[in-house]
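Q: Turn this into a structure:
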Amino acid sequence: MQTWWGQLKRDLEAPIEARGFGTGWFAGFFGILLAFAGLSMVVALRWPNWFAMPELDVIRSSSAFRPLIHVVLIAAYALALLSLLLRPRKALGITALGLALGATILGGAAVQPQETRDWGIFFGVDFFVINMVATGLMMAPIERAFPRIAAQRLFRPEWREDLFYFLLSSMLVQLITFLALAPSTYVNTHWDWLNGVRATISAWPWLVQFALAMVLTDLAQYWIHRLFHRIPFLWGFHAVHHSAGTMDWLAGARMHFVEVVLLRGLTSLPLLTLGFLPSVMQAYVGVVYVYASLIHGNLRGDFNRLGRWIVVPRFHHWHHAIEPEAVDKNFAIHFPIIDRIFGTCHWPDSRWPEGYGVPEQVPSGYLAQMKYPFVRRAS
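A: All right, here's what the predicted structure looks like:
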């Protein structure tokens with residue numbers, strides 16, 4: 001007898017022809033999405049010391065936040081019931097209904113904070129929901145409207161692993177941020193000789209600061225990214241990211257924890273140590289979050305001219321290509337001119353890669369991939 005998880009997985013991965021309007025698939029899928037979002041927000045309100053980001057308190061304390069949760073949960077219930085009525089297989093509707101009931105049992109929109117010991121450690125459940133809304137709910141419809149590979153589905157092979165990467169990086173935002181800020185904290189504390197540079201940059205116009213932040217961060221990212229390809233031990237971590245055989249907005253989330261910390265900590269050094277205004281840094285972080293999803297996306301458009309100056313999806317897809325001609329090419333994330341200057345640009349006119357991935361056998365599954373760099377080194 002098939003398990004509930006097996007039935008849910010089968011329904012989510014159903015072929016396109018089985019997802020039409022009237023089948024209950026869309027009602028079940030969006031019911032799960034809304035119910036999970038509502039449950040996550042209720043959990044963040046009930047145990048704020050453990051599951052909520054302090055920086056997002058201004059959102060949680062807004063007068064509109066609890067009514068929004070109420071509307072979300074009502075919509076989740078309605079969609080769950082609609083899916084149960086329309087769909088012969090009930091896994092989608094039952095899952096949505098169960099999540100919504102869980103949120104209601106915990107207190108729903110009227111939930112009150114519970115006393116918990118505050119160890120100063122939290123898991124960003126609310127950050128995951130906001131992150132998913134800002135990227136997933138924006139990118140998924142765009143990919144369906146302008147796909148390069150029309151037959152590629154949202155629930156394609158390995159979607160569960162990549163979604164788990166997305167979830168974990170959001171949940172562990174405090175730990176990742178703490179570790180990633182260590183290099184810049186040291187520089188800001190001990191390198192007083194940069195004070196003059198900081199004063200100069202902070203006095204420049206906002207747009208000039210933002211443009212300079214984009215260039216300097218991309219230069220730092222280029223060389224660190226290149227080191228991850230050239231040093232065998234570092235490549236073991238980066239191979240996890242390159243092991244994705246399908247390119248879409250979610251594939252960009254597949255990154256080993258060690259690479260996330262090192263890459264963010266070192267590439268952010270110019271941004272965090274040279275005196276840029278806080279608003280410039282916040283704007284840059286927001287742009288990078290969206291841009292990283294965009295360049296990994298399943299989006300059509302050759303952009304032969306624009307792609308010479310700004311990284312477009314086809315440029316970064318070649319970085320992930322399996323073809324030998326693309327190995328160790330296209331390291332830049334924003335400006336391809338950096339690759340042209342240092343001889344690593346690969347930009348064939350109007351041509352896309354035939355496939356993605358790495359020649360070596362990177363295992364499937366989050367835990368196996370977390371262990372892979374260390375096992376690979378020892379073997």
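
Q: what about E143, neighbour count?
A: Taking other Cβ atoms under 10 Å as the criterion, the count of residues near E143 is 21. Using the backbone N, CA and C atoms, a C-beta is placed for each residue, glycine as well.

Q: where's it relative to G355, distance?
A: 19 Å (Cβ to Cβ, to the nearest Å).

Q: before we move on, what about G265?
A: Counting by Cβ to Cβ, the gap from G265 to G355 is 32 Å.

Q: again, but for D192
A: Per Cβ to Cβ, D192 is found 51 Å from G355.

Q: cool, I310 as well?
A: 25 Å.

Q: Between the two, which has more neighbouring residues?
A: It is I310, of I310 and G355, that has more neighbours when counted by other Cβ under 10 Å, with 15 against 11.

Q: isn't there a helix covering that one?
A: No. Under DSSP: H, G, I helix; E, B strand; the rest coil, I310 sits outside any helix and is assigned coil.

Q: Settle this for me: it is touching A332, isn't it.
A: No. Counting by Cβ atoms under 8 Å, I310 sits too far from A332 to count as a contact (9.8 Å).

Q: Residue ranges in the protein under the pLDDT threshold?
A: Within the chain, the stretches with pLDDT under 70 are 1-2, 115-122, 377-379.

Q: tell me, what residue is most central in it?
A: A253 (4.3 Å; Cα atoms, centre = their mean).

Q: Mind jotting down where the strands sit in the stretch 151-300 of the chain?
A: Ranges of strands in the stretch 151-300 of the chain, per DSSP state E, counting those that start in this stretch: none exist.

Q: Helix, strand, or coil at F21?
A: Criterion first, three-state DSSP; result for F21: coil.

Q: Is there a neighbour count for it? I'd like the number.
A: 9.

Q: what sits against it?
A: Not one residue lies near F21 by Cβ atoms under 8 Å, 6 or more residues apart in numbering.

Q: quick one: it from L82, how far?
A: Counting by Cβ to Cβ - F21 and L82 are separated by 11 Å.

Q: now F331
A: From F331 to L82 the distance is 48 Å (Cβ to Cβ).

Q: Compare those two (neighbour count), which wins?
A: Per other Cβ under 10 Å, whichever of F331 and L82 has more neighbours is F331, with 23 against 18.

Q: The more buried one: what's it in contact with?
A: Counting by Cβ under 8 Å, 6+ apart, F331 makes contact with Q221, Y222, H225, R226, H229, H319, I338, D339, T344.

Q: neighbouring contacts of stretch 206-226?
A: So stretch 206-226 is contacted by 201-202, 204, 262-263, 266-271, 274, 276-277, 279-281, 283-284, 287, 328, 331-335, 338-339, 342, 344 (Cβ under 8 Å, 6+ apart).

Q: Just the buried positions in it, please.
A: Neighbour-count burial for stretch 206-226, counted by 16 or more other Cβ atoms under 10 Å, picks out 209-210, 212-214, 216-222, 224-226.

Q: now, the most widely separated pair of those residues?
A: Across the buried residues of stretch 206-226, the longest distance by Cβ to Cβ is 26.0 Å; it joins Q209 and R226.

Q: neighbours around Y165, how many?
A: By other Cβ under 10 Å, neighbour count at Y165 equals 24.

Q: dump the residue contacts of it.
A: So Y165 contacts A253, R254, M255, Y366 (Cβ under 8 Å, 6+ apart).

Q: Which residue ranges of the stretch 101-250 of the chain form helices?
A: Listed in chain order, the helices found in the stretch 101-250 of the chain under DSSP state H, counting those that start in this stretch are 125-145, 159-171, 173-180, 182-190, 195-202, 206-230, 232-242.

Q: Looking at these, which is nearest to G38?
A: Of all the helices of the stretch 101-250 of the chain, it is helix 125-145 that lies closest to G38, at 9.1 Å by Cβ to Cβ.

Q: residues making contact with that closest one?
A: For helix 125-145, contacts defined as Cβ under 8 Å, 6+ apart pick out 37, 40-41, 43-44, 51-53, 56, 59-60, 154, 166-167, 170-171, 173, 248-250, 289-290, 293-294, 297-299.

Q: Quick one, which of those are buried?
A: Using 16+ other Cβ under 10 Å, the buried ones in the contacts of helix 125-145 are 37, 40-41, 43-44, 51-53, 56, 59-60, 154, 166-167, 170-171, 173, 248-250, 293-294, 297-299.

Q: Now do the closest residue to D302 other than its chain neighbours against P183, distance only.
A: Nearest residue to D302 in three dimensions, chain neighbours excluded: S350, at 4.6 Å (Cβ to Cβ, 6 or more residues apart in numbering). As judged by Cβ to Cβ, S350 and P183 stand 41 Å apart.

Q: again, but for I16
A: Taken as Cβ to Cβ, the span from I16 to P183 is 46 Å.

Q: do G20 as well
A: As judged by Cβ to Cβ, G20 and P183 stand 52 Å apart.

Q: of those two, who's got more company?
A: P183 (18 against 10).

Q: The more buried one reaches L271, doesn't it?
A: No. The criterion here is Cβ under 8 Å, and P183 misses it with L271 at 11.6 Å.

Q: I'd like to know how many residues surround F164.
A: Neighbours of F164 (other Cβ under 10 Å): 14.

Q: I meant V58, not that one.
A: Quick note: V58 (other Cβ under 10 Å) scores 9 neighbours.

Q: Now it: which helix or strand?
A: helix 57-60 (DSSP states H and E).
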